[in-house]
Structures are given as C-alpha cells and as structure tokens.
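S.K.: Curious how this folds, go ahead:
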Amino acid sequence: MARKAKSTKPAGATSKAPKKRLHTELENDDPNQQQTILPPEPCTPTKQTGGRSGAEVEYSAKKTRKRISAPTTAPALRSPGLLSRSSHANTLSSRGLPPKAQKIIRENEADHQVENMLCANIPEILQQARPHDGARSELAIATSEYICADLEWRISKGPNQRVLRLRKRAKGKQPDTATSTTNDDSKLAALLSSMGIAAANESSAELEGKLAAEFSEFQPWVFLSASSGKQNERQSYPWIQHFHLYIAHLIRHYLGSVQYGENPATASPRLLLPYKRTDTKYKGSDDDTRADIGLVSRSVGANVAMVDGSAYYNEVFAVTEVKASSGPPRAASTADSGIDTSQLDGDTKQAFKQLFLYSRQVFAEQPDRRFMWGITICDNHIRACILTSSGALASHEMDITTAKGRCDYIQLLVNWCLCDWHQLGFDPSVRYCEDERGNGHWEIDVPQMATGDAGMESAGSRYETQTYTITGASVAADHLFGRHTRCFVATPKQSTGNQGKVLIKDSWSYLGRHQVQERSGELGEIAFLTKINQMVDEHPEFAGTVPRLEDGGIVRLDVNGQLAIDSVETVLGDLCRHLPKHSSDYAYTHVRLAMTPVGTRLRELRSVAELVVVISDALQAHKAVLDHCQILHRDISENNIMFTRSGNNIHGMLIDFDNAVDANAARNRSGPVCTGTLPFMSVNNLRKAKVARTAVDDMESILYLLIWLGVWGITTEHREQTRGKDRRVVNWSMDVETAIDSKCYTMSSKSNLNILLNEFYTPPVSELGSTLQAENNGIIADYEDLKRIIKAMRKAIFDNPNVPGNAKGTETKTDRTKAPAKTGRRANVSAIKQALDPIFSDEENEREPVDSFEERADPEVARGIHGDVVGLLRACADQIRSAS
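M.R.: Predicted coordinates:
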C-alpha cells in the first residue's frame, strides 16, 4: 500500500482531484523551460522464488514457483515477473518514462478506472466462486454454515477481558449475534462421513486451543461500533490476518483428507493464508506501491500460519486493501444493486484505486491469470471485487460486526477453498510442471487450427490442443483491463533444442456478444492472419515481413465436465449486464496463437541505419496487407514491429493484427476503447473522431514512433544513458488530452518540430580519445539522418503539396468551398462580403469549420499520403542496403 498522507477532505466527499501533468508545450511560454524529474533510485535485482506443486498447479511451497526468463536471443521490452530484469529503473526507461511520470500516469489511470470501469453493490458476485460440482457445492455450504455457527457461538459467550476494556473505553455495545448457536459439528461430520471424508488427526482440545487463540486476536474487529471512534489502519491488520487463520484451521481440520483426482481444474481443497508482512512492497513490483495484506494459496495439508518472508506478486492469490475511514465505523450501505461509483464514499473509492494499482502487478507477474479477485476493507466493511478484461464488479458491503456480514464473507472464503482452479481466475491450460529431479518448467496448450471458416471453430468441430514448453517470455500483461496480451517463446513439447521455436501470443480479443457462435462481423486476428498468409503464398517477396500462423484458436475450459469458450461472458454469466456501458455489448474472448518466425525487439537494433531498414520493411508489409487483403493494422507501436537477423542481413516484420479491421467495413471504428498504444496513437484516434481510420493514422503512428526512439535512444546503451531524463514526449503518455495538445503543437510547424528534435539522443560529452570521438561523431551523424527523415515524413503527412489545402496542417480552418449556397439579394450581399473577407476578422466569416485531421481521412488523400511515406522510407532503406 502506498503511504497515505492525512486528508482534510470531509468524509464521503467525492470531488475528483485535478489530473497531475508534467509540462506541456501549450502551457509553457518558454518551450525550452523544463520541469525537472529526478532520476530513479537504483534497484538491486532480486531472485524470484515461490510457487505451486506440479500435479495440482497449487501454491505448495514458494521455492517451486519459478519466473520465466527472457530468451537470450530476444530480450523483451518489459515483462515484470516473466523476465529477468536488470533493475526497476531500466525497465521504466525502456519505455522512455521516468518513474515519476510513470507514477502519475498510473494514478490518473486508476482514478479513471474507478470512475468508469467499476460497478458496485452486486451481491451475486459472491456466488461466482461457488463450486460447480453439486457435491462440492453442498460441502461448501455445510462447511461455511458450521464455521459461521462456531464463530457466533464464540461471540455469544462475550469478549474476553482485553476486549471488555477496549469496549469500556469506547462505550460500545455487544455485536449482533445469533441467539441459539452452539459449536456442535454433528451436521458437518455426518455429511463428511457420507462422502467418505475423515477429519484431520487432531484432537478436539488441540483444535479448540488454536481456534480460541485466533479468536482472541481478531475479536476486537467484530466488536467495532459507531462509538469506537476513528480506527487506525495498521491496528486492523492483525485482526484481518487472524480471521483468515481461524478459517484456515477449520478448513484443514475437516477437509484435510479431501481429494478430487489428478485434474488440475478440480484440485484438492486449498488454504488461503495471509502474508505475515503487511504494508510492504512485493517482489516483482515495478514501482514503489505497498500492498496491505496478501492472501496466498497453499495445499490443504500445509501448516496453518502466516506466510513469513518476502511477499511475491507472482504467487499472491488476492490482495486486500485496508482503509481507515475519516470517521467512526458506520452501518453497512443499503444502496441499490449495481450502483456506479458516483454513489461510493471517498474512502471506498481510494481503496478501490489502490486495489487496482496492485492488481495490474499481479496480471503482469502471473502468466496463468485470466481474471482476479480482490478485497477492500474499510473499517468493518468488506467488499469482494472481481476484475476481468471488460471491467470490475464489486459486491455489497459485508459488515463484520453483524452475523449476516460475517457469514457472507465466510461463505466466500470457503468457496475459494473448494472451487475449481479456473474459478479463482487461473488458467489450467498454462501450468508449472516439475520432473523427477525437481527441475521445473512452464507448459502451455495452444488450440490447433480448426476446419471452420477462416480458422474459427465450426459447429461441432473437435477441440484439440498442442502442448508447448515455454522457454522464455517477451511481453507481459501490462494493463489491468483490456486484452492482457502476453507473448512467450516456446517449442513443441516433444521438440529439442531450437527446432520448432514459435512465438505464442495469449490475449483477450473483444467480439460482439454472440459473434463467436454466429461467426459474423470481425472474426479477429486468426481470420486476418489466415488471409494474410494466403497473400504471402501468392506474393513470396513479403515472406518473413508478417507472421505465419502455425496454430491457434479460442481457448476452451472444462466447466463441470463441459467444454466452454473462455470469455468474460463465461466468467460472469448474467452479471455481464452490470459491466460498464462501453463494455456490456462486448465479450472479451480468450484467444491463443502460435506463430513464426520469432522476432527480436527494436531495442536490440545496433544503429539508425538498421532502424530505417526495419521500419521500411514493416511499412511495405503494411501497404501490401492493405492493398491485397484490405486489412488496416491500426496499432503501430514499438512492440508491434520486430526484426529478424541472418548474418549481416536484417529484415523488419509487422506483427499483432489484434486491433486490425477490414478497411472496407462500415464499422471501421475503435472498439470499447481507443485502439492503439497511447504514445503512438494518431490524433484522430485519440479524439475518437467520427471519420473512419485510414492508413494515414498508421503513418502518423510511425512518425511518432521514430521521434520516440530518437529521443530515448535506439539501442539499449543509448536508452540507459537517457534514463530518468525529462523529455517533452513524456506528454504523449500522460493522458489523452495532453497527448493531443502536445502532438498538434509539435506537428503544427517545422520550428515546433525542431524543439522536439533538439532533445534527440546525443552521446555523453567527456574527454575522449580520437577513436571514441570519431565513433561518437558517427552516432551524432546517424541521429541527424533520422531527424531529416522525420522532417520529410512530417511534410508528407501534414504539409503534402499533393493534397487539398484543407488537408494540411494541424488546425481547424474555415472552408470557403463548403459555404452554403444563397440566392437573390442575399446572394449579392454574400458576394460582396466574400470579396471583403480578407480584411474582416474570422469571427465575421460565416463558413463551415474544417478539421485538417479529418480531411486527411478522405480515401484518395489517405492513399496518396500512404504511398508517399512508404516510398520515402523505401528509398532510404534501398540506399542503406546498397551502401552495405
């Protein structure tokens, strides 16, 4: 949990804090004046441990949990938890963002997500973890009923003397209790006996001693009342920890001998144990946030105790964010079901914000996460939250001081201990395995290509998979909502060495709610790659510039003996109706592809010349795919252009057609969110303009990408030297409004562009020998060549002499050609006024404003600009290749 300063805002206030920004050109009279961003503190690399047992894919011992290391041939840009990272600071600078800017961006993003991606007060959320199997469901109900009865029996006996003193000071009252409860376990024992389940070899006295000890630790929590006064956040940590240990003792005692076979999807009951360390930075985090309490999964036979040592994001099941409200404990909210966040108090919103910040780290660190659970606790009020690709849903408030609230939360915890592995948010088709010698590795199942239309599953087709062994990872899921794209380097399980190496892409694609069954509309990346591969077969000159699809399809899960498409709709069912409006019509569907060749990231390039060649190849592939397949890419970024090297030859490759669309389709619009990667998105895309996206948007993205690389450095060494620097391109990543303003300002004139080009990478100045000085002079000359290319591209896109005047520039203009026709006397007045227009102010002109960005979306204009930019880069690349 991040350290929180005391706030003077009254309880329940919901006013939004102003967005934090770095400087923008439009807000700064002196464009050369910069705001200082301190470089990050060095971070010592850590060795990641912790894990699951192989057979059941459970977290049985931390030492077995392994990180996936980056392949030595293709180091990744950023993959926390999946990659061996040299340092936290290096990771952030690889995206060109200093830690301070990254923190501001993430906090603004979390604020936006709480306001727009969360729906609360949904009691049905608790039933999402109820075991699908009838027998296990009955066992979960009986177990939770007994635990509730045992707890109420203890509460009915009254608090011990320590709690009496606490209540006397607070002048509180007895909590709500059941009137006739006992700790009789006969009902549960009878059910266990009928199922052939024996209790643990533990005496009643021994168990009672453990339960009494745990109860004495957390009972102040259940005796909170409005007269208890304002609570201290840290004071409640041990209450929450010991409450979970109390549940774990009973689960282990009564269900310790339960077994469900070898299927990882129906693993044995598990214990959920809290980390001993609280308010701590977790290993694997790429920022300085500190999580309050983490719950980890252990086998049911494990020792019931707090998990000591460091906390790890790569093994945590759920994170708990604890908040002490600005006032005394209150009664539970009675708001209607399915409320938006405008009805939540300020403390609750802050709790969800922190939870969202932690949860994105979990997705990045765990390669088998499909969705995740989280918990917020504000004094005596508990909410469970489920976070999916499409949005987050939160339960009603469970008041720990009432019998109903306690029983609701106990039921959820018991369900988590007994439900299927996939109901916890994990993916059974991605698993950690160990051989007889204890050597571990990750395996992943990829759907084999089906015989349906365009590679999609046809009705009644068999679902078969190919198992691959993961040898490295190149991309981790870096966002809380959206596609959760991950990329792994792998080989077929039976393969040895480097034979059969493929790149596996695992992501969640959005489709219309019933599109999968009807196979209508945009069929997704599988269909596009199938069409593109057919084009390459007919035009072999483009081989290697686009991925070759080897296997792939929609991931399916075994849900209570039935194969089901893995989608948000499968996860939430009818609760999809509570998702945010912009997501409720979409079902994010889990798709996995295996492709060749395995490319290398742009950061491994060695020079500007290599960058130009690679970008030129990618642009030629872009144009070929658009001309021959009518497919528009729409997501140009530094992650989606890669290269392959063979000896001295280097070739660029355009990848990731997950955001692509049919260029001729009427619905050529962005989906639930703006398509693309924020620093590289075109202005039309950022504005969500009503005009169709065209190739010009992608050419704009290429221009921004080259500027980005020029500023932060092309090679890894150059990026290290710019780490922690303040640069104007940081504004492209801050938020949509700032990015639009900054890009429009920069592209509005050659002089404004030069301001940005002056921040391009330059070698550090020092006392150099003649050889090293000559090398640095060569580097400076290379970056000067890149500046010239960028200037030429800006002219081709924003000031092209071959396009109409209305399509030039970055400003809204007055279009004289679109003035409404007038007749009679009014026509004469308009003619006179038109003749005098040059000496009148713009406010007197009665002309229709024209947006130059939208004018460039005209098909003919877009086609001409596209051809000019591709031709420009191709001419430069040809010259480089001929010179070498």
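S.K.: and the one helix or strand Val446 maps to, what other elements does it pack with?
M.R.: Per DSSP states H and E, Val446 falls inside strand 440-447. The contact analysis (3 or more CB pairs under 8 Å, 6 or more residues apart in numbering; DSSP states H and E) places strand 440-447 against strand 430-434, strand 465-475, strand 486-492, strand 502-512, strand 548-554, strand 586-596. Placement of C-beta: from N, CA and C, glycine included.
S.K.: run the last query once more with 6 Å
M.R.: Applying 3 or more CB pairs under 6 Å, 6 or more residues apart in numbering; DSSP states H and E, one finds that strand 440-447 contacts strand 430-434, strand 465-475.
S.K.: Compare the ones you listed and report which one is nearest to Trp421.
M.R.: Checking the helices and strands packed on strand 440-447 against Trp421 by CB to CB gives strand 430-434 as the closest, at 9.5 Å.
S.K.: got the buried residues for that closest one?
M.R.: 430-432, 434 (16 or more other CB atoms under 10 Å).
S.K.: for the longest helix that the chain contains, which positions count as buried?
M.R.: If you go by DSSP state H, the chain has its longest helix at helix 770-798. For helix 770-798, the neighbour count (16+ other CB under 10 Å) marks 776, 779, 782-783, 786-787, 789-790, 792-798 as buried.
S.K.: Quick one: list the elements packing against that helix.
M.R.: Where contact means 3+ CB pairs under 6 Å, 6+ apart, helix 770-798 is packed against helix 695-712, helix 859-883.
S.K.: OK, contacts around Tyr282?
M.R.: The neighbourhood of Tyr282, defined by CB atoms under 6 Å, 6 or more residues apart in numbering, consists of 291, 311, 313.
S.K.: And Arg727, how far from Pro764?
M.R.: 16 Å (CB to CB, to the nearest Å).
S.K.: who's more crowded, these two?
M.R.: Neighbour count, other CB atoms under 10 Å: between Arg727 and Pro764, Arg727 has more, with 22 against 7.
S.K.: Next, the contact list for that one, please.
M.R.: Counting by CB under 6 Å, 6+ apart, Arg727 makes contact with 711, 759.
S.K.: Then Ile650?
M.R.: 610, 613, 643.
S.K.: quick one: what helix or strand has the first one in it?
M.R.: If I follow you right, that is Glu610. Applying DSSP H and E, one finds Glu610 within helix 608-629.
S.K.: Over to Ala318. Which of the three states is it?
M.R.: Following DSSP: H, G, I helix; E, B strand; the rest coil, we place Ala318 in the strand state.
S.K.: Please look at it and Thr376 and confirm they touch.
M.R.: No - counting by CB atoms under 6 Å, Ala318 does not reach Thr376; the two are 10.9 Å apart.
S.K.: more crowded one of the two?
M.R.: Set Ala318 next to Thr376 and count neighbours by other CB under 10 Å: Thr376 wins out with 28 against 23.
S.K.: The closest residue to that one other than its chain neighbours: neighbouring residues, count only.
M.R.: Nearest residue to Thr376, sequence neighbours excluded (CB to CB, 6 or more residues apart in numbering): Ala351, at 4.0 Å. Using other CB under 10 Å, Ala351 has 28 neighbouring residues.
S.K.: Quick check: Ala351 touching Glu321?
M.R.: Yes - assessed by CB under 6 Å, Ala351 is found in contact with Glu321 at 4.8 Å.
S.K.: which residues do these two both contact?
M.R.: Shared contacts of Ala351 and Glu321, defined by CB under 6 Å, 6+ apart, comprise Thr376.
S.K.: If I look at the residue most central in space within the chain, what pLDDT would I see?
M.R.: In the chain, the C-alpha nearest the mean C-alpha coordinate belongs to His479, at 1.7 Å (CA atoms, centre = their mean). Per-residue pLDDT puts His479 at 85.
S.K.: Quick check: it is in a helix.
M.R.: No - His479 sits outside any helix when classified using three-state DSSP, being coil.
S.K.: Dihedrals phi and psi, it?
M.R.: phi -130, psi 160 (degrees, to the nearest 10).
S.K.: Helix, strand, or coil at the nearest residue to it once chain neighbours are set aside?
M.R.: Leaving aside its sequence neighbours, His479 sits nearest to Arg360 (CB to CB, 6+ apart; 6.4 Å). When classified by three-state DSSP, Arg360 comes out as helix.
S.K.: All further residue positions should be reported with the first residue as 692.
M.R.: Fine by me, first position is 692 from now on; the one you just mentioned is Arg1051.
S.K.: so Arg1051 touches Phe1172, yeah?
M.R.: No - using CB under 6 Å, Arg1051 makes no contact with Phe1172, being 9.0 Å away.
S.K.: List the contacts of Ile796.
M.R.: Applying CB under 6 Å, 6+ apart, the residues near Ile796 are 1424-1425.
S.K.: what about Leu1109, distance to Ala826?
M.R.: Here Leu1109 is placed at a distance of 10 Å from Ala826 (CB to CB).
S.K.: Could you do Asp1126 as well?
M.R.: 33 Å.
S.K.: okay, the angle between the strand holding Val1137 and strand 1177-1183?
M.R.: Angle, strand 1131-1138 to strand 1177-1183, by axes from the mean of the first three to the mean of the last three CA atoms, to 10 degrees: 90 degrees.
S.K.: Please work out the average pLDDT along strand 1131-1138.
M.R.: Mean pLDDT, strand 1131-1138: 93.
S.K.: what does stretch 1296-1310 give?
M.R.: Across stretch 1296-1310, pLDDT averages out at 96.
S.K.: Contacts for it next, please.
M.R.: For stretch 1296-1310, using CB under 6 Å, 6+ apart, the contacting residues are 1236, 1332, 1334, 1341-1343, 1345, 1405, 1473, 1477, 1561, 1564-1565, 1567-1568, 1571.
S.K.: One more pass at 7 Å, please.
M.R.: For stretch 1296-1310, the external contacting residues (CB atoms under 7 Å, 6 or more residues apart in numbering) are 1236, 1332, 1334, 1341-1345, 1393, 1400, 1405-1406, 1473-1474, 1476-1477, 1480, 1561, 1564-1565, 1567-1568, 1571-1572.
S.K.: Which members of those residues are classed as buried?
M.R.: Of the contacts of stretch 1296-1310, these count as buried by 16+ other CB under 10 Å: 1236, 1332, 1334, 1341-1345, 1393, 1400, 1405-1406, 1473-1474, 1477, 1480, 1561, 1564-1565, 1567-1568, 1571.
S.K.: So Arg1239 sits against Met1286, correct?
M.R.: Yes - contact criterion CB atoms under 7 Å: Arg1239 and Met1286 qualify, at 6.2 Å.
S.K.: the more surrounded of those two?
M.R.: When Arg1239 and Met1286 are compared for neighbours, Met1286 comes out ahead with 23 against 15, by other CB under 10 Å.
S.K.: Not counting sequence-adjacent ones, nearest residue to that one?
M.R.: With CB to CB, 6+ apart as the criterion, Met1286 has its nearest non-adjacent residue at 4.0 Å, and that residue is Pro1238.
S.K.: Neighbours of the one you found, how many?
M.R.: Neighbourhood size, Pro1238 [other CB under 10 Å]: 27.
S.K.: Quick check: phi and psi on it?
M.R.: Main-chain torsions, Pro1238, degrees, to the nearest 10: phi -70, psi 150.
S.K.: picking up where we left off before, how about the helices and strands packed on strand 1131-1138 in a markdown table, adding mean pLDDT and distance to Cys839?
M.R.: Output for these, formatted as a markdown table (pLDDT from 0 to 100; distance: least, CB to CB, whole Å):
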| stretch | mean pLDDT | distance to Cys839 |
| --- | --- | --- |
| strand 1121-1125 | 88 | 34 |
| strand 1156-1166 | 89 | 42 |
